[in-house]
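# Sequence and predicted structure are below.
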Amino acid sequence: MLLAAEPDDAHEEGENQQLLITTKGGPGLEGLVVGSYCHDVLIRGGRVVGETLGGAAAFVSNVLDAASPQDAALNGTAPFVVVAKVGHDFVYASAPAPARHPPLLCASPTTSFHAQFSETAASAHAPDRELRRVRACDPIYPADLPDRRFAYGLAVGVAGEVLPETLERMIRLCRAVLVDAQALIRAFDGDGAVGHVALDDTPYARLLPRVAFVKASSEEAPYVGVETTRQRCCVIVTEGRDGCRLYWDGGEARVAPFPAVQVDPTGAGDSFLAGFATGLLWGLSATDAALLGNFFGAAAVSQVGVPTFHPKMLQAVKEILEEKTTKRYSPCINGTSFTFEKSNLHNELHAALQEAAMLMSEQQQADKANGNGGDICSP
Ligand SMILES: Nc1ncnc2c1ncn2[C@@H]1O[C@H](COP(=O)(O)OP(=O)(O)O)[C@@H](O)[C@H]1O
Ligand SMILES: O=P([O-])([O-])O[C@@H]1[C@@H](O)[C@H](O)[C@@H](O)[C@H](O)[C@@H]1O
């Protein structure tokens, strides 16, 4: 499949061509993450059981900072810019992700969600929480985006803040754009309860042929319309503890999950998307990159709020990527087409990541023993 995020006029084409030349094969693969940070209030049985930093941008930057290929010229940090908005009431300015990627300050309040968790154990696919947007910060406008080219973009709104014209601007600025369906199809009733609309009925639909990947949860997938959308871009449907499936024009694949003890499902989809993008940046095919998506999705549900990754676990993941990938960073994201199929390294990569996932569960047990492990999933 050809890269969908192609320029649509000669001027754009010239600039995109330049990006391809200047960033080919290594550092300088700068990313653009667009979506606001928010306040999450986690409620169970009518009781507040957690108040955490939220917003897909927080979970996404956490994973990209931890695992995407680093740039020696930037002191070993991962090169990406976050465009997020918050109000003066934002309480997590010093948390790692917002501190490294500061948001734009607005007069309106910080977006805030109440997540109501069910008292009974969630099944793999049933919605395990009801979300209500109780406050909404300003939208992110096209003019809020930096006026320069990026290798890739992640549209990760949670409250309708990524406007259609902002997504269009991202598509013009970035060679490949990955979108979280929740940025496109959420609708809010008078009380802020989150519902969904059909993607085809939104102004975003016409942009899909220029988007590379759309990720949706099983709950969102019917609104995305997998069969129609896969003809325009690759669709990834996440299936909670069952892993995920990819659908492209002409093929599909199932990607196995990693074991996790879920204590908070918040941010699983966001962390999945960032893990997936990280895999592409390391040069993996889409189906192989989805293993990294599943890995970081599992890591997200193992902790309350934005997870802290154990250094030993991260070291193991990086060693695996160094060893198993071509070390030609992101030929896919930076080239003109994507490879979707499983490579012959897929099973080895899965087995190696499974070992790294063991370190994750060891950390979880140690946290629990030290009384540090929160859990909002158990009564
Ligand atoms: N209980 C779990 N155990 C292992 N992995 C999980 C679990 N829940 C989620 N994940 C991982 O996170 C990804 C996203 O989770 P999912 O619940 O489908 O998304 P969302 O948070 O958007 O509802 C899944 O595809 C899977 O890889
Ligand atoms: O759990 P997930 O679907 O990946 O993503 C979540 C959003 O759906 C939610 O609106 C937001 O408040 C959370 O912080 C998180 O970003």
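Cool, got the structure. Residues are numbered from 1 along each chain as shown. Ligands and ions are numbered 1, 2, ... in the order given.

# contacts, neighbours, all on C-alpha from now
Will do.

# so which helix or strand takes in V134?
Here V134, judged by DSSP states H and E, is contained in strand 129-135.

# any idea of the mean pLDDT in that strand?
Throughout strand 129-135, pLDDT has a mean value of 96.

# Can you give the contact residues for that strand?
109-118, 159, 188, 191-194 (CA atoms under 8 Å, 6 or more residues apart in numbering).

# pLDDT averaged over whichever helix or strand comes after that strand - what is it?
As assigned by DSSP H and E, the chain's next helix or strand after strand 129-135 is strand 150-155. What strand 150-155 shows for mean pLDDT is 95.

# likewise stretch 99-118?
On average, stretch 99-118 scores 96.

# partner residues bridging the residue of the stretch 1-150 of the chain found nearest ligand 2?
For the stretch 1-150 of the chain, the residue closest to ligand 2 is G54, as judged by CA to the nearest ligand atom, at 3.2 Å. Judged by DSSP bridges, the bridge partners of G54 are C38.

# Return the helix or strand in this protein with minimum mean pLDDT.
helix 10-23 (a mean of 38; mean pLDDT, DSSP states H and E).

# Around ligand 2, which positions in the protein sit nearby?
Near ligand 2, the residues belonging to the chain are D40, G54, G55, A56, F113, V158, P265, T266, G267, A268, G269, D270 when assessed by CA under 6 Å from any ligand atom.

# from these, which would you call buried?
The neighbour count (16 or more other CA atoms under 10 Å) marks D40, G54, G55, A56, F113, V158, P265, T266, G267, A268, G269, D270 as buried among those.

# pretty sure the fifth one contacts Y37?
Right, F113. No: F113 is not in contact with Y37 according to CA atoms under 8 Å; the separation is 10.8 Å.

# near ligand 1, which of the buried ones among the residues of the chain next to ligand 2 show up?
P265, T266, G267, A268, G269.

# Can you add secondary structure and pLDDT and give these back as JSON lines?
Below are these laid out as JSON lines (DSSP: H, G, I helix; E, B strand; the rest coil; pLDDT from 0 to 100):
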{"residue": "P265", "secondary structure": "coil", "pLDDT": "95"}
{"residue": "T266", "secondary structure": "coil", "pLDDT": "97"}
{"residue": "G267", "secondary structure": "coil", "pLDDT": "98"}
{"residue": "A268", "secondary structure": "helix", "pLDDT": "98"}
{"residue": "G269", "secondary structure": "helix", "pLDDT": "98"}
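
# what about the strands in the stretch 201-350 of the chain?
213-217, 234-238, 244-248, 251-255 (DSSP state E, counting those that start in this stretch).

# Highest mean neighbour count out of those strands?
Mean neighbour count (mean count of other CA atoms under 10 Å) peaks for strand 234-238 among the strands of the stretch 201-350 of the chain, with a mean of 28.

# Brilliant, that's me finished.
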